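# here is a sequence with its predicted model. Questions after.
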Amino acid sequence: EDIATTLDVSLPTGYRYVKLLADAGLLQRTADSHYTLGPRVIVLDHYIRMADPVLQQAVPFMKELVAATGFDCVLSGLYGSQVLDTHREFGAAPATLNYGRGRPRPLFLGGAPKVILAGFAPAQLHKVLDAHPQEVAAAGLPTDWPAFRRHYSAIRKRGHYLSIGELEPHLAAMAAPIYRPDGDIAAAISLVSTVARMSVMDQERLAQLLARAAQDITARLP
């Protein structure tokens, strides 16, 4: 009944939807007539991993970055208007992340979203600003188009972005963009550590390692 009310459909239609989803394994019934996501979702996640060309090419380079730095390495992508982490390789002292595979991240905070948006064409970036003015302001970013564009143009020119406590106060992340062969932005690759560990690292070397890994992944994308 709650499902039908939320979807604003009739009760028979709600029951039909639920039965179809349950039969497909996308929902399963639990106690007291409640429903949770079904096991088919886990299978679909496996298929997503197997069919993601960026993930397939990125994992070996992510492992190399972890071995070279000891940091965690995270792969993120933009899906619609949501930034999602798609894979994480754990370093010697894994960071405690509130965000992980499947949990949408804020669009304007953190290294990965910054380098992804910096890879947008001006028209795409302008649409993002128009669609999210309040979120832009809350993130402390310029809300007028010329300044907003300059902010992301500077990140694109630099080739990477260092986030210090933006998303989670105790964490720092350096991110670099991964582009498709046609020049469109595909994903972001990030090295994540505590703020304290990042502060004593050779950040220029980290940026070079990230850039090289991103270029190698791009070169292998179909």
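Arrived safely.
# the bottom helix or strand of the protein by mean pLDDT?
helix 40-51 (a mean of 87; mean pLDDT, DSSP states H and E).
# which helix or strand lies directly C-terminal to that helix?
Per DSSP states H and E, the first helix or strand lying C-terminal to helix 40-51 is helix 53-69.
# check which helices and strands that following helix is in contact with.
Applying 3 or more CB pairs under 8 Å, 6 or more residues apart in numbering; DSSP states H and E, we find helix 53-69 packed against strand 72-79, strand 82-89, strand 185-194, helix 203-220. For the C-beta atoms, the positions are set from N, CA and C on the backbone; glycine is no exception.
# just name the most buried of the ones you listed.
For those, the largest average neighbour count (mean count of other CB atoms under 10 Å) is found in strand 185-194, namely a mean of 26.
# for Leu21, what are its contacts?
For Leu21, the contact set (CB atoms under 8 Å, 6 or more residues apart in numbering) comprises Leu27, Gly38.
# what secondary structure does it sit in?
Following DSSP: H, G, I helix; E, B strand; the rest coil, Leu21 is assigned to helix.
# and it, how far is that from Leu27?
Distance of Leu21 to Leu27, computed by CB to CB, to the nearest Å: 4 Å.
# got any residues that touch both of those two?
Common neighbours of Leu21 and Leu27, counting by CB under 8 Å, 6+ apart, are Gly38.
# so, low pLDDT: which residues of this protein?
For the chain, applying pLDDT under 70 flags no range at all.
# 80 instead, please
Where the chain drops to pLDDT under 80, the residues are 33, 93-100, 102.
# quick one on the thing from earlier: any idea how far the least confident helix or strand of the chain is from the chain center?
On the basis of CA atoms, centre = their mean, to the nearest Å, the separation between the geometric centre of helix 40-51 and that of its chain is 17 Å.
# tell me the first helix or strand C-terminal of the helix or strand where Lys114 lies.
Per DSSP H and E, Lys114 falls inside helix 111-118. Toward the C-terminus, helix 111-118 is succeeded by helix 122-131 as the next helix or strand (DSSP H and E).
# list the buried ones in that following helix?
Judged by neighbour count using 16 or more other CB atoms under 10 Å, the buried positions of helix 122-131 are Leu125, Val128, Leu129.
# now distance to Pro169 too, for the residues you listed, in TSV please.
Shown next, in TSV, are the buried residues of helix 122-131 (distance: CB to CB, whole Å):
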residue	distance to Pro169
Leu125	28
Val128	25
Leu129	26
